[in-house]
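Undergrad: Structure, please.
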Amino acid sequence: MPKFLYTSLVFLLIFTLAKAQEKEINPPYNIKTVSFVQNGSNVVPIFELGSTFELQFDDLYGNEANYYFEIIHCDYNWKASEIPKMDYILGLDNQRIMDYSNSFNTLQSYSHYRINFPNQFTTQLRISGNYILRILNEDREVVFSRKFILYENQCTVAAQVKRTRNLNNINQKQNLDFSIASNDIAFQTPLQNVKVLLLQNGDFNTCIKNIRPQYTLGNQLVYKYDSETQFWGGNEFLYFENKDIRAANNNVAKVSSTSDIYSSFLYTSPARGNQIYTVYQDVNGNFVVKNINGSNQEIEADYAWVYFSLSAPAFRLNKDIYITGMFNNYSLSQEYKMDYNAEKGIYEKAVMIKQGFTNFQYTVADKKGEIDYENAIDGNFYQTENEYTILVYYRENTDRYQRVIGKGNANSLNIIN
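TA: Just a heads-up that it's a prediction; the model follows:
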């Protein structure tokens, strides 16, 4: 091969890899309870620029392994931005995580890690936008990664949840109407420079992207689409509570201590797709780590095998069923895929989860990981209470990166026709 051709191919490969989309990497089996925390609560990782937050996780090996963190700024499509790291980090990354402690008085030993932002190495994240946080082992191999977003308050977003105008799915879908206005920014060519990201319950799997403003009123951008901004309503999340790990609490049928750690057997869930909608409170997929007999929940909460079972006799699709929620970042990995028990006629799965209060749902997906929202196990109802987030991205003609200039929220409790 001619040398110049070989060199060109190498540069092309490097450029292609550099612009590849940054995807979240699921953690291995020993890494559990990965969560972003702000003000002591697990939260959807969307933070105002300049605020403080943490990433926490447990390592079930409990051997005080060395982990490092790396931060990557990304564009709207989660591709690494073409700006130097010093432009978005004041300080350093790729540093060892120094804040960790071992579990105390638990049957399942683990090491608990915590990264604060800002910290002694990364004193400030300078700009808004999409970020990928990578956790590396001592060989600098990626163990897992998580998305988070920093935003500025440079615009206001007014939003309203409405029922869809399509009579074919008026009882199953919810539609977002919203507008964007700013007194600080005069939007330049908004059809090209303004982008939005619509999230339902903080789940990036269900996000809607690449929606252009339908029309403008001065410096106000208006989005009043019929179908482009629709979400399937879903159903309220299921939940279980094992804050007292030795007792059968809400939705826990029985507790066993025959293995090295406790086992919590949940009541068998019926598929709710053909049932009427029932109102009950959930936390939109979130979870709370809690041991009522402990004072430091981060290291005194224990792990238990949680046995899920689902009765879905009408489920005949050539697809898989997963147990998902914020507790596992809505992961569709093998660890959370349910198995069919032909003898009992139900789907089953045992998952190790940190004790407390946990929301979860059953997600249907094909072999390629494409989620089937329309044929959800628990159905879709327009009455379902969902939390919606609208993020506004903007890049002026002279900017080198995309900023997130505003955030809006809406809740379907206030749905209108």
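
Undergrad: quick check, Gly369 in a helix?
TA: No - judged by DSSP: H, G, I helix; E, B strand; the rest coil, Gly369 forms no part of a helix; its state is coil.

Undergrad: And for it, the neighbour number?
TA: 11 (other CB atoms under 10 Å). Quick note: C-beta positions are derived from backbone N, CA and C, even for glycine.

Undergrad: The closest residue in space to it that isn't next to it in sequence: what's it in contact with?
TA: Using CB to CB, 6 or more residues apart in numbering and skipping the chain neighbours, the partner closest in space to Gly369 is Leu332 (5.2 Å). Each residue near Leu332 by CB atoms under 8 Å, 6 or more residues apart in numbering is listed here: Tyr322, Thr324, Thr363, Ala365, Gly369, Ile371.

Undergrad: cutoff 10 Å now
TA: Applying CB atoms under 10 Å, 6 or more residues apart in numbering to Leu332 gives the contacts Asn26, Asn205, Asp320, Tyr322, Thr324, Thr363, Ala365, Asp366, Lys368, Gly369, Glu370, Ile371.

Undergrad: Quickly list what Phe265 is bridged to.
TA: Lys254, Tyr307 (DSSP bridges).

Undergrad: oh, and call the first residue 194 from now on, that's how I've got it
TA: Okay, using 194 as the starting number, the last item reads as Phe458.

Undergrad: Might one say that Gln231 is in contact with Gln249?
TA: No - using CB atoms under 10 Å, Gln231 is not in contact with Gln249; the gap is 11.0 Å.

Undergrad: which one of the contacts of Leu525 is nearest Leu584?
TA: Using CB to CB, Asn398 comes nearest to Leu584 of the contacts of Leu525, at 15.8 Å.

Undergrad: residues making contact with the helix or strand where the closest one lies?
TA: According to DSSP states H and E, Asn398 maps onto strand 396-401. Residues outside strand 396-401 that contact it (CB under 10 Å, 6+ apart): 217, 237-238, 271, 340, 342, 369, 389-393, 418, 421-425, 427, 477-478, 517-519, 522-525, 554, 556, 558, 562-564, 566, 579, 582-584.

Undergrad: Contacts for the helix or strand following it next, please.
TA: Note on strand 396-401: by DSSP H and E, the next helix or strand toward the C-terminus is strand 408-410. Residues outside strand 408-410 that contact it (CB under 10 Å, 6+ apart): Ser372, Ile373, Ala374, Phe380, Pro383, Leu384, Val387, Leu414, Val415, Tyr416, Lys417.

Undergrad: ok, which pair from these is furthest apart?
TA: Maximum pairwise distance in these, criterion CB to CB, is 17.6 Å, between Phe380 and Lys417.

Undergrad: Can you verify Ile264 is assigned to a strand?
TA: Yes - under three-state DSSP, Ile264 falls within a strand.

Undergrad: so who does it touch?
TA: Ile264 makes contact with 278, 281-282, 285-287, 310, 315, 318, 324-327, 341, according to CB under 10 Å, 6+ apart.

Undergrad: redo that, cut-off 7 Å
TA: For Ile264, the contacting residues are Ile282, Asp286, Thr315, Tyr324, Leu326, by CB atoms under 7 Å, 6 or more residues apart in numbering.

Undergrad: what does Ile224 give?
TA: Contacts of Ile224 (CB under 7 Å, 6+ apart): Phe250, Asp252, Val336, Phe337.

Undergrad: that older thread, what's the helix or strand for the residue nearest to Gly562?
TA: For Leu525, there is no enclosing helix or strand under DSSP H and E.

Undergrad: Quick check on it: phi, psi?
TA: phi -110, psi 50 (degrees, to the nearest 10).

Undergrad: mind checking how far it is from Glu589?
TA: 37 Å (CB to CB, to the nearest Å).

Undergrad: how about stretch 461-471: buried residues?
TA: Ser462, Ala464, Arg465, Gly466 (16 or more other CB atoms under 10 Å).

Undergrad: Please disregard the earlier target; I meant stretch 429-448.
TA: Glu429, Phe430, Leu431, Tyr432, Phe433, Glu434, Asn435, Lys436, Ile438, Ala441, Val445, Val448.

Undergrad: from memory the fifth one sits against Ala441, does it?
TA: What it means is Phe433. No - if you go by CB atoms under 7 Å, Phe433 and Ala441 don't touch, sitting 10.2 Å apart.

Undergrad: Among the contacts of strand 408-410, which one sits closest to Gly599?
TA: Ile373 (6.9 Å).

Undergrad: In ChimeraX, how would I select the buried members of the contacts of Ile224?
TA: Filtering these down to the buried ones (16+ other CB under 10 Å) takes a single ChimeraX command:
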select :250,252,336,337
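
Undergrad: Out of the contacts of Ile224, which comes closest to Ile265?
TA: Phe337 (13.9 Å).

Undergrad: between whichever strand or helix holds that closest one and strand 396-401, how many degrees?
TA: According to DSSP H and E, Phe337 maps onto strand 335-344. Going by axes from the mean of the first three to the mean of the last three CA atoms, to 10 degrees, strand 335-344 is angled at 50 degrees with respect to strand 396-401.

Undergrad: Quick one: list the elements packing against whichever helix or strand comes after strand 335-344.
TA: Remark: after strand 335-344, the chain's next helix or strand is strand 349-356, criterion DSSP H and E. Judged by 3 or more CB pairs under 7 Å, 6 or more residues apart in numbering; DSSP states H and E, the packing partners of strand 349-356 are strand 366-374, strand 580-587, strand 596-604.

Undergrad: For the second one, which strands pair with it and how are they oriented?
TA: Neighbouring strands of strand 580-587 in its sheet, by DSSP bridges, are strand 387-393 (antiparallel), strand 596-604 (antiparallel).

Undergrad: mind saving the C-alpha coords of that strand as PDB?
TA: What follows is strand 580-587, C-alpha atoms only, in PDB (Å, rounded to 0.1, in the frame of the first residue of the first chain):
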ATOM      1  CA  GLU A 580     -42.600  14.400  34.800                       C
ATOM      2  CA  TYR A 581     -41.300  16.100  31.600                       C
ATOM      3  CA  THR A 582     -38.100  18.100  31.100                       C
ATOM      4  CA  ILE A 583     -37.400  20.400  28.200                       C
ATOM      5  CA  LEU A 584     -33.700  21.300  27.600                       C
ATOM      6  CA  VAL A 585     -32.800  24.100  25.100                       C
ATOM      7  CA  TYR A 586     -29.500  23.900  23.200                       C
ATOM      8  CA  TYR A 587     -28.100  26.900  21.400                       C
END
